[in-house]
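A.B. asks: quick check, what structure comes out for this input:
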Amino acid sequence: MTSPVSITAGAGRDGVAAARRLAGWLGLAASPTFAMMALLTAVVGSGPADMLCAGQGSLLGGMVPMYLLMSAFHSAAWLRVIAERLPSE
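C.D. replies: Just a heads-up that it's a prediction; the model follows:
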């Protein structure tokens, strides 16, 4: 099976490397983006969208906890960067 990257016109080794770098940057952008969305939702308020995510008495109900969980789940890229910069023993 051919990968989607190799099908595109002019996609050689440089194209694959560029796609991997882009994926890495997107992975780093996800966690702070969700954290900022949680902060903005908590400060500004949400409104009708919060009613869709309300979990009748659940601690995880609402948009703010959802954004915080999404930020935590996407923090693996940041943890990988931190681990690479730590001195190895």
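A.B. asks: shaky segments in this structure?
C.D. replies: Low-confidence segments of the chain, defined by pLDDT under 70, are located at 1-11, 46-61, 89.
A.B. asks: repeat the analysis, applying 90 as the threshold.
C.D. replies: 1-27, 30, 37-69, 74, 76-78, 80-81, 84-89 (pLDDT under 90).
A.B. asks: list the buried residues in the helix or strand encompassing Leu40.
C.D. replies: Element membership of Leu40, judged by DSSP states H and E, is helix 13-44. Within helix 13-44, the residues that count as buried by 16 or more other Cβ atoms under 10 Å are 27-28, 30-31, 34-35, 37-38, 41. Every C-beta, even on glycine, is put in place using the N, C-alpha and C of the backbone.
A.B. asks: can you check stretch 63-71 too?
C.D. replies: 63-68, 70-71.
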